[in-house]
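Enquirer: got a sequence here, can you build the structure:
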Amino acid sequence: MTSGSFDASSTSGYTMRGRQAVVIDQVGRDIVSGAVAPGDALPKEADLVEQFGVSRTSVREAMRVLAAKGLVDIRQKVGTRVRPRDQWNVFDTDILRWHHEEGTGDVVMRDLVEVRQIMEPAAARLAAGRATMDDHRRMSAAIDAMAENAHSRDGYAAADVEFHLAVYAASHNALLRQFGNVVADFMKLTFTVQQAATQDDEELVQDAETHAAVYQAIDRGNGEDAAEAMLRVVLDGKNSLIKALGGLREE
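Expert: The predicted structure is shown next:
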């Protein structure tokens, strides 16, 4: 799978600057791609200094960043080793980007959609009974922005994410709201991949109408209808993502 039109710089969870950015990016890619497997030791600090032409300070900072992402374990006198995959910070946007660019992002994005199938209908159901006037204004504005950006893939993806975040916020459940914030960049990537593969603007118009149905149910205070409409949105997105990823593999 190729990386398509995804712009990594726009979603990176860590602003990588200077020479250490080169170390972070390359070592991160090597780990995510499997070139360096879980349990393997990374090259010694002196070897990384020579390989990348950076200072020891830059290498140490790079290792701290990778450790914060859950990718490596740094131990005095033992060295730096790659951690098991189930200990990686799966919601870190750099890790997601590396998965995507190394052609291993399909499973991660599929898993996110499955989690959204569970979480978002519940958030919509709660929003129908708890949304404040400010919540309604935010959701309504996001729906309007989706309709207005039906001819702009990037603008539409941003408005799409904003709508889902607005629904999470309107649930007034702290854990659901936090989940939405954590996966915001994750959703932006999946939506960007989906919509980049959309050839017909009419598909985005129809998608905006499907999202609007969620808000209409929330506005009526009908939690069950809101949950059903949101599940339909997520499943439609899942089908579009499968189609988009299939197209990328053929390129």
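Enquirer: C-alpha only now, for contacts and for neighbours.
Expert: Fine.
Enquirer: need the contact list for His136.
Expert: With contact taken as C-alpha atoms under 8 Å, 6 or more residues apart in numbering, His136 is in contact with Asp219.
Enquirer: begin at 717 from now on, thanks
Expert: Okay, residue one is now 717; in that scheme the one you just asked about reads as His852.
Enquirer: okay, the helix or strand where it lies in CSV with CA atoms only?
Expert: Assigned by DSSP states H and E, His852 belongs to helix 849-864. Provided in CSV are the C-alpha atoms of helix 849-864 (Å, rounded to 0.1, in the frame of the first residue of the first chain):
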residue,chain,number,x,y,z
MET,A,849,-27.3,25.0,23.8
ASP,A,850,-23.5,25.5,23.2
ASP,A,851,-23.3,21.8,22.2
HIS,A,852,-26.1,22.2,19.8
ARG,A,853,-24.5,25.3,18.2
ARG,A,854,-21.2,23.4,17.9
MET,A,855,-22.8,20.3,16.3
SER,A,856,-25.0,22.4,14.0
ALA,A,857,-22.0,24.5,12.9
ALA,A,858,-20.0,21.3,12.1
ILE,A,859,-22.9,20.0,10.0
ASP,A,860,-23.0,23.3,8.1
ALA,A,861,-19.3,23.2,7.5
MET,A,862,-19.5,19.7,6.1
ALA,A,863,-22.1,20.8,3.6
GLU,A,864,-20.1,23.9,2.7
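Enquirer: who touches the next helix or strand after it?
Expert: Counting by DSSP H and E, the element after helix 849-864 in chain order, helix or strand, is helix 869-886. Contacts with helix 869-886, where a contact means C-alpha under 8 Å, 6+ apart, come from 836, 839-840, 842-843, 846-848, 851, 854-855, 858-859, 861-863, 865-866, 892-893, 896-897, 900, 903-904, 907-908, 911-912.
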